[in-house]
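# Curious how this folds, go ahead:
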Amino acid sequence: EQIDMLIPKEKKSDKAAVEKAIGTHCTLSGFGSEWKPNPALTSPKDVKMCYIFEPIKKSVSTPFAMGMPKKKVCERLKKENPEICEVKYPLKVEKKAG
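Take a look at the predicted model:
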């Protein structure tokens, strides 16, 4: 979700923009072969997801740029890395007043 927010609406179908957003969100420098997590990543789950995404950025960006739903992207990438679908985030639930 956070990576998705980094991509302007008009560039959602641009693979390079998706890859750049992954790099910007995940890495300290935004690019490079020596992966160091972005210090802004506060959740261990975010760090793990970025660790998984970084080497397969091109594989991730293609289905996202085609507008494929996130769940389908997960299922497709599961063949390359089974861990990719195992990182689960808790659902945000709003409490009703009263």
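# Tell me how far Pro69 lies from Phe53.
Here the criterion is CB to CB, to the nearest Å. By it, Pro69 lies 17 Å from Phe53. Every residue, glycine included, has its C-beta placed from N, CA and C.
# Those two: which is more packed in?
For Pro69 versus Phe53, neighbours defined as other CB atoms under 10 Å are more numerous around Phe53 (22 against 10).
# show me the contacts for the more buried one.
Ile22, Cys26, Val60 (CB atoms under 8 Å, 6 or more residues apart in numbering).
# Can you classify the last one as helix, strand or coil?
The one in question is Val60. helix (DSSP: H, G, I helix; E, B strand; the rest coil).
# before we move on, back to that, dump the contacts of Phe53 into CSV; add neighbour count, distance to Asn38 and pLDDT as well.
Below are those laid out as CSV (neighbours: other CB atoms under 10 Å; distance: CB to CB, whole Å; pLDDT from 0 to 100):
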residue, neighbour count, distance to Asn38, pLDDT
Ile22, 24, 11, 86
Cys26, 25, 6, 84
Val60, 24, 17, 86
